[in-house]
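>>> My questions concern the predicted model and sequence given below.
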Amino acid sequence: MARARRKGDHANLASKGGVTATGGEVPPRTRPRSPPSRVSRGAVTTVLVAVSVAVVCWRVGLLRGGNEKKPLQPRSPDGSSAASASSKTTAHIEPPRRSPPTVTAEETQREIRKAHADTQRGKHRLAVKRLERLLSRGAHADAVLDIRFSLADGYTALGDDAAVETQLRLADTHAQGRSAAERSDAAWGLAKLYLNRKTAPRAAIIEVLRRVVDANPAHDNALHWLGHQLMQSPTGYTEALQYLSRVRLDKLTDSHPLDTVMLLGQAHERVGNLEGTAAAFAEAVNLYTSMKQAGREIPDRIRYRFALSHFQYGKALVQLGHADRALELAAAASYDFPDVYHIMDITGVALAASGRWNETLAHYGNVARHLDEWPSDARAMPDRVLGATFAKLLHDHDHKHPGKGQRAAGSGDADASNQNRHRRRPAAAAAMADGDGAQANGGWPTQILHNLTTTRCNIDVRPGLTPEAFMSEYAGRNLPVIIPNAVADWPARTVWQRGTFAAKYGDKMVRVRRSVDIAYDNEFGGLGAAEVDLRRYLDETFGPAAAPIGVDPAASSTGNTRYVLQALEWGDDGFREDYIPPQHFESPNFAWNRTTRDGAALAYFGPAGSSVTLHEHTNAWNALVFGMKRWIMLPPYIQNGPTGLPVEQWLEEWYPKFHDDAYECTQYAGDLIYVPTNFMHTLINLQASIGVAVEFGHNTRLLKDLVRAARH
């Protein structure tokens, strides 16, 4: 005990400072040692729980992307990191962010080769992942375009169309700041996607193709397709001609040279350049000859297009007055394309133009017998085309030799009855034309475009024409005719007066189009069409605030006039109940049955100046309920000039060239006019007009009946 006590005394002494047993000094302690304590079991449990929670949080951080390795920070002399040291002095300045490291060119190419190897083994998904990972790591800039194209190929193989378009768009964007070659390649990749899908808007396709050609003016494939797309619009053929003329046929890889040549010929034809048309199709014929002599295999599609080229070349030769050359061409083509009806057609035309009339009759007789052996569905178009052509040839022959056959109705100068019809118009028609009376023209505007009116009429006007007489004298000879007062008993004569019409149909939706677009609108999927309610159209077009003759105030051409051609079927309360189909067009000889005719029936309404540019179709009738309309029709094989020009411009610049061959007359309210099959025609509303137009198919017996009549 004493010993222990002494130790305790030393301990106490040492804690207070003093002298040890050996005489040395003991330094005082700053803090007394606490005796060891026991750790409770509860404390241990708490620590373990805390550690577990920390581990769980750390793992959650990994799942959320918190496992990214941070770059090592250099250490400062005192052992702390440089970042922490600098943050003590410049805490208000953020450290610069480091961009992802760029992969070297060698490593980029190595990864691309691996991806290509994956593709060759059919492992497209692996190749796509490899390339996507390469881009995310920062692939070398010079290889990005190739990587995007490879990704597009990979996604194509995987069937992911959206990803394909995304990659090609990204490639196009990436190329904008790079070389002209890269810009051209990227835009061309996007253009090919649009062309193959056939769903992109034409404006978007043309815009991308323009960028290809701007970056590479010698890109022959893009020049071809840009011309092709421009040819689809009614007024783009002039610009298309410029691009198609620059195509080097031997450099094409994405289309056949024949396609370019045919487009070029069609573009020349549309601008009215007959010599250019002949030269282009002559090149197509030469191309066929060289392929044939070389023994090259010609696919059926290309072979048929070569046959069409022979036809177009022969047609141009006839129009240029070279009938003998056209006949030689047709004779040679008959051996190579014996069952193509276009060749049959141009052969007959060339024979007639050469003055060999008996051979012409024999030719069409043989053709009619030959077509009898064809299936009915395959015979429809040949019947239509050949019948219309033969009717035109018969009319021309009768006109030149009136003593050798019956003179064709409506031929030559206007006869006295037609002239009298226009000099002594009924009082009601005169009132409507001159704008007299509160209800003139059914309450529609009475303004007349006097600068576009005409007194010429060489179309027969036949009051009271019976259906039987119509079939034998007009439909049976493919000649136009006007039947006056044909709609006098229609409900539309009351219902379609302006006030009643707006009240009944004002809430209906209609498609409003520029006049210049209408003829080709149905063929090319809608050009500039806007759907609005009818009441709004009527107010804006015919109301007090309407622009003169319904034209856009910024426009000076009637081609911009707003016009509506609307399907008659508008549900249960459609237009159909307002008109009575004439009996003249119910013959079973016409190709279209009642259901088909009803589906093609249209109501039209537009202001003075609204029009439809040159176009053709099968037989049709047009009934004018209110208004005044000028018609010009050109028979088959008559040159007609540009088809997409506004009518007013065409009348001034081109019509004088074809005036002598044209049928022309003015249609008044109540008149019904018959438009024969394959007659190119144009019209312009001289006064605000509203009426019905119905196409009813070609006369299936026209060719047979004409051949039989010619024999007798």
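That came in fine, so what should we check first? Numbering: from 1, shown residues only.

>>> Can you list the buried residues in the helix or strand containing residue 115?
Secondary-structure element containing residue 115, defined by DSSP states H and E: helix 105-120. Of the residues in helix 105-120, those scored as buried under the neighbour-count criterion (16 or more other C-beta atoms under 10 Å) are 108, 109, 111, 112, 115, 118, 119. All C-beta atoms are positioned from the backbone trio N, CA, C, and that covers glycine.

>>> Quick check: pLDDT value at the fourth one.
At residue 112 the predicted local confidence, pLDDT, stands at 91.

>>> pretty sure it contacts residue 150?
Yes. When contacts are counted by C-beta atoms under 8 Å, residue 112 is listed as touching residue 150 (7.1 Å).

>>> Name the residues contacting each of those two.
Between them, residue 112 and residue 150 share the neighbouring residues residue 131, with contact defined by C-beta atoms under 8 Å, 6 or more residues apart in numbering.

>>> Stretch 662-674 - what's its average pLDDT?
Stretch 662-674 shows an average pLDDT of 96 in the prediction.

>>> Just give me how far it sits from the chain centre.
Per C-alpha atoms, centre = their mean, to the nearest Å, the displacement of stretch 662-674 from the mean C-alpha position of its chain is 33 Å.

>>> how long is that stretch from one end to the other?
With C-alpha to C-alpha, to the nearest Å as the measure, the ends of stretch 662-674 fall 15 Å from one another.

>>> same check, this time on stretch 510-518
Across stretch 510-518, the straight-line distance between its terminal residues is 14 Å, by C-alpha to C-alpha.

>>> How far off centre is it?
Centre to centre, stretch against its chain (C-alpha atoms, centre = their mean), the figure for stretch 510-518 is 15 Å.

>>> buried stuff in stretch 363-382?
If you call a residue buried by 16+ other C-beta under 10 Å, then stretch 363-382 has these buried ones: 363, 364, 365, 367, 368, 371, 379, 380, 382.

>>> How many neighbouring residues does residue 485 have?
Other residues within reach of residue 485, judged by other C-beta atoms under 10 Å, total 16.

>>> Quick check on it: phi, psi?
Backbone dihedrals for residue 485, given as degrees, to the nearest 10, come out at phi 50, psi 30.

>>> Is it in contact with residue 463, as I believe?
Yes. Because the distance of 6.7 Å satisfies C-beta under 8 Å, residue 485 is recorded as touching residue 463.

>>> Which residues are in contact with each of those two?
Between them, residue 485 and residue 463 share no contacting residue, judged by C-beta under 8 Å, 6+ apart.

>>> Flag the shaky bits of the protein, pLDDT-wise.
Residues of the chain meeting the criterion pLDDT under 70: 1-101, 234, 401-439, 521-529, 543-560, 568-574.

>>> ok, longest helix in it?
Across the chain, the helix with the greatest residue count (assigned by DSSP state H) is helix 376-400.

>>> which strands and helices sit next to that helix?
Counting contacts by 3 or more C-beta pairs under 8 Å, 6 or more residues apart in numbering; DSSP states H and E, helix 376-400 packs against helix 341-353, helix 357-372, helix 702-711.

>>> who's in contact with the shortest one?
With contacts defined as C-beta under 8 Å, 6+ apart, helix 702-711 is touched by 361, 364-365, 367-368, 371, 383, 386-388, 390-391, 394, 475-478, 589, 677.

>>> Now stretch 464-484: buried residues?
Using 16+ other C-beta under 10 Å as the burial criterion, the residues of stretch 464-484 that qualify are 465, 470-471, 473-484.

>>> Can you give the distance from that stretch to the centre of its chain?
On the basis of C-alpha atoms, centre = their mean, stretch 464-484 is displaced by 38 Å from the centre of the chain it belongs to.

>>> Quote the end-to-end distance of it.
Its first and final residues considered, stretch 464-484 spans 8 Å by C-alpha to C-alpha.

>>> Then stretch 336-344?
Taking C-alpha to C-alpha, the span from the opening residue of stretch 336-344 to its closing residue is 12 Å.

>>> Check which residues of that stretch are buried.
Along stretch 336-344, the positions that meet the burial threshold by neighbour count (16+ other C-beta under 10 Å) are 337, 340, 341, 342, 343, 344.

>>> Between these, which sits nearest residue 594?
Proximity of the buried residues of stretch 336-344 to residue 594 was ranked by C-beta to C-beta; the top entry is residue 341 with 27.9 Å.

>>> Now do the contacts for that closest one.
Shown in contact with residue 341 (C-beta under 8 Å, 6+ apart): 367, 371, 381, 382, 385, 386.

>>> which residues of this protein fall in strands?
Secondary structure of the chain (DSSP state E): strands at 18-19, 25-26, 460-461, 481-483, 509-514, 530-533, 562-567, 602-606, 611-615, 620-634, 663-668, 672-675, 680-695.

>>> From the contact counts, what lies against the last one?
Under the contact criterion of 3+ C-beta pairs under 8 Å, 6+ apart, the helices and strands touching strand 680-695 comprise helix 594-600, strand 602-606, strand 611-615, strand 620-634, helix 647-653.

>>> ok, that strand: who's next to it in the sheet?
Within its sheet, strand 680-695 is paired with strand 602-606 (antiparallel), strand 611-615 (antiparallel), strand 620-634 (antiparallel), according to DSSP bridges.

>>> That strand vs strand 663-668, what angle?
If you take axes from the mean of the first three to the mean of the last three C-alpha atoms, to 10 degrees, strand 680-695 sits at 50 degrees to strand 663-668.

>>> Strand 562-567 and strand 680-695, what's the angle between them?
40 degrees.

>>> now strand 680-695, how far from the chain's geometric center?
Relative to the mean C-alpha coordinate of its chain, strand 680-695 is positioned 25 Å out (C-alpha atoms, centre = their mean).

>>> next one: stretch 601-621
In terms of C-alpha atoms, centre = their mean, the gap separating the centre of stretch 601-621 from the centre of its chain is 21 Å.

>>> ok, now stretch 319-327?
36 Å.

>>> How about stretch 688-707?
28 Å.

>>> What's the end-to-end length of it?
Across its full length, stretch 688-707 reaches 43 Å between end residues, using C-alpha to C-alpha.

>>> swap in stretch 501-519?
Terminal residues of stretch 501-519 are spaced 26 Å apart (C-alpha to C-alpha).

>>> tell me which residues in that stretch are buried?
Across stretch 501-519, burial judged by 16+ other C-beta under 10 Å covers 501-502, 505, 508, 510-519.

>>> farthest-separated two in those?
Between any two of the buried residues of stretch 501-519, the greatest separation by C-beta to C-beta is 27.4 Å, found for 502 and 519.

>>> In a markdown table: the buried residues of stretch 336-344, plus distance to residue 211.
A markdown table is the format used below for the buried residues of stretch 336-344 (distance: C-beta to C-beta, whole Å):
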| residue | distance to residue 211 |
| --- | --- |
| 337 | 40 |
| 340 | 40 |
| 341 | 42 |
| 342 | 38 |
| 343 | 42 |
| 344 | 45 |
